[in-house]
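# Fold the stuff below for me.
(2 chains)
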Amino acid sequence: MNSDLLQQLFGDAPLPREEMEAIVALLDIQTFPKGTHILREGEISSKCFFILKGCVRQYLLDDGIEKTTFFYTESQAVVPFDSYLQQKPSRHYCVCVEDVTAVVGNPSEEKEMYQKFPKLASLTRMMVEQGFGKTQEEFATFITSSPEERYLNLQTNRPDLLQRVPQHQIASYLGITPESLSRIRRRLAKK
Amino acid sequence: MKNQLVEYFSKISPLSPDEATAIADSAIIKTFEKGTFLLQEGQMTISTFFVFQGLVRQYSLVDGEEKTTAFFTEGQWIISLSSFDSPKPSPHSWVCDEDCVLLVGNDAAAQSLFKVHPRLEFIARKIVENTFAEFQATVTTYLTDTPEQRYVRLMETRPSLIQRIPQYQLASYIGVKPESLSRIRRRLATKP
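Below is the predicted model:
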């Protein structure tokens, strides 16, 4: 079994190696070519994804204009909570901006796995809590920062994103127009 | 209050009598006076509260000015997990803006409760996920809505909030100056 995969999935979780391998053997790992939509507006999703490799962009249409609301990359979980959890039609689209390899899950499989591996329930609870914590922190930073500060934060916290994603999508994610982003970049380059 | 809590949990997933008793027995419910800080910006703590009664405001100081980022009212969870994996100073403060009755979460107590009643861990995760879902919806409105749309949405989804908090905090929360909020309100009032 690939040790990198175990490391990426479980980190330093206190699970015996045999149990990790047994869990991995049951996982549904799929590859999606760049451009694939794994979720569309209006769908009631029954799937969640844990990204092993690649990048997924979450966006919605606001008066016909795409607004990017998140980028998911390696070791992040794409869980459209409104849809997956509350079984409401999704407001969002999720599209692979690169070829993506991901673990694909659904609620019934999830329950089965917890029955087989009770420790997994603790692990996923902690994962959800960490994800929530991070999102809260990012939002607190977002709401209190100027667009330029937001760009600098992104540079510090997720430098790879700036290489991987087109500028106009980054601009949308920062809540500004592509022209404003160019101005910010020019200003920072001169500093 | 304890019954209310048990009822809340059993709505997420039906509870056995043992589980219900365990929740009621371990719950710590406290009253906090208006003006009490539950968390101060910069503090390194993991805290969780559930609001039975009252209103808690979350804010950060930006260049010395209070920037309100959330209001928590009856039936909502206040969860700060920013320091979960590695302790980090909290990016915001929580202050009781009314007298509050709150459930005070305790991570150690929760962990031992989960050991005896593993299903409660599942329910706890559902709660975090639900709170996460609501939070994601709020985040989305900041990227897609104008301040006026955010104000209208707030009137529709949390009308009581508008009566309970001062206008300048409301303005800060929707991301405008108090003067702009007055303009928004006047504009909406003259709409047919």
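# quick one: least confident helix or strand in chain A?
Least confident helix or strand of chain A, by mean pLDDT, DSSP states H and E, is helix A:81-86 with a mean of 71.
# In chain B, where is pLDDT below threshold?
Scanning chain B for pLDDT under 70 picks out the ranges B:46, B:81-87.
# how far away is the residue nearest to A:T177 when sequence neighbours are not counted from A:E66?
Residue nearest to A:T177 in three dimensions, not counting chain neighbours: A:A171, with 6.1 Å by Cβ to Cβ, 6 or more residues apart in numbering or on different chains. The C-beta positions use only the backbone N, C-alpha and C, and glycine is treated the same way. According to Cβ to Cβ, to the nearest Å, A:A171 stands 11 Å off from A:E66.
# Specify which residue of the two has the higher count of neighbours.
A:A171 (20 against 15; other Cβ atoms under 10 Å in any protein chain shown).
# May I ask which helix or strand encompasses that one?
Per DSSP states H and E, A:A171 falls inside helix A:167-174.
# what do you get for B:T48?
Assigned by DSSP H and E, B:T48 belongs to strand B:47-53.
# Going by neighbour count, list what's buried in whichever helix or strand comes after that strand.
Next helix or strand after strand B:47-53 toward the C-terminus (DSSP H and E): strand B:56-62. By neighbour count with 16 or more other Cβ atoms under 10 Å in any protein chain shown, strand B:56-62 contains the buried residues B:56-60.
# filter these down to the ones near chain A?
By Cβ under 8 Å from any Cβ of the partner chain, the members of the buried residues of strand B:56-62 lying near chain A are B:S60.
# now, among the buried residues of strand B:56-62, which is nearest to chain A?
For these, the closest approach to chain A (Cβ to the nearest Cβ) belongs to B:S60, at 5.2 Å.
# Return the residues in contact with the closest one.
A:140, A:144, B:41, B:66-67, B:69, B:91-93 (Cβ atoms under 8 Å, 6 or more residues apart in numbering or on different chains).
# what's the burial count for residue 69?
In the absence of a named chain, this looks at chain A. As a burial measure, A:T69 scores 22 neighbours (other Cβ under 10 Å).
# Not quite, go with chain B.
B:T69: 21 neighbours (other Cβ under 10 Å).
# One more: B:S160?
By the measure other Cβ under 10 Å, the count of residues near B:S160 is 10.
# Can you identify the element that follows the helix or strand it falls within toward the C-terminus?
Using DSSP H and E, B:S160 sits within helix B:159-164. Using DSSP H and E, the next helix or strand after helix B:159-164 towards the C-terminus is helix B:167-174.
# what does chain A put close to chain B?
A:60, A:62, A:67-69, A:79, A:81-82, A:85-86, A:91-92, A:114, A:118, A:121-122, A:124-126, A:128-137, A:139-144, A:173, A:175.
# Now that we have the residues you listed, which of them are buried?
A:60, A:62, A:67-69, A:79, A:81-82, A:85, A:91-92, A:114, A:121-122, A:124-126, A:128-129, A:131-137, A:139-144, A:173.
# and these, which of them are in helices?
Judged by DSSP state H, these include A:81-82, A:85, A:114, A:121-122, A:124-126, A:128-129, A:131-137, A:139-144, A:173 as members of helices.
# wait, what's in contact with residue 75?
Since you didn't name a chain, this refers to chain A. A:S75 neighbours (Cβ under 8 Å, 6+ apart): A:8, A:50-52.
# The chain in question should be chain B.
B:G75 sits next to B:8, B:51 when contact means Cβ under 8 Å, 6+ apart.
# could you redo the last one with a cut-off of 10 Å?
B:4, B:8, B:50-53 (Cβ atoms under 10 Å, 6 or more residues apart in numbering or on different chains).
# and the gap between it and B:R153?
Counting by Cβ to Cβ, the gap from B:G75 to B:R153 is 18 Å.
# cool, and B:Q163?
16 Å.
# Tell me which of those two has more neighbours.
B:R153 (15 against 6).
# quick revisit: among the contacts of A:S75, which are located in helices?
Per DSSP H, the contacts of A:S75 map to helices at A:Q8.
# now the contacts of A:S75 as CSV including pLDDT and neighbour count?
Output for the contacts of A:S75, formatted as CSV (pLDDT from 0 to 100; neighbours: other Cβ atoms under 10 Å in any protein chain shown):
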residue, pLDDT, neighbour count
A:Q8, 85, 16
A:F50, 91, 21
A:I51, 94, 20
A:L52, 94, 19
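# I'd like the list of the contacts of A:S75 that fall within strands, please.
Using DSSP state E, A:50-52 are the members of those that sit in strands.
# Looking at the residues you listed, which one is closest to chain B?
Of those, the one sitting nearest to chain B (Cβ to the nearest Cβ) turns out to be A:F50, at 14.9 Å.
# separation between the closest one and A:Q76?
Counting by Cβ to Cβ, the gap from A:F50 to A:Q76 is 8 Å.
# And the strand holding B:T48, what's buried?
Those would be B:47-52, for strand B:47-53 by 16+ other Cβ under 10 Å.
# returning to that earlier point: what is the least confident helix or strand of chain A packed up against?
Other helices and strands packing on helix A:81-86, by 3 or more Cβ pairs under 10 Å, 6 or more residues apart in numbering or on different chains; DSSP states H and E, are strand A:48-53, helix B:118-144.
# Is the last one positioned near chain A?
Think helix B:118-144. Yes: Helix B:118-144 reaches chain A (Cβ under 10 Å from any Cβ of the partner chain) through B:118-119, B:121-122, B:124-140, B:142-144.
# How far off centre is stretch B:157-177?
Relative to its chain's centre, stretch B:157-177 lies at 15 Å (Cα atoms, centre = their mean, to the nearest Å).
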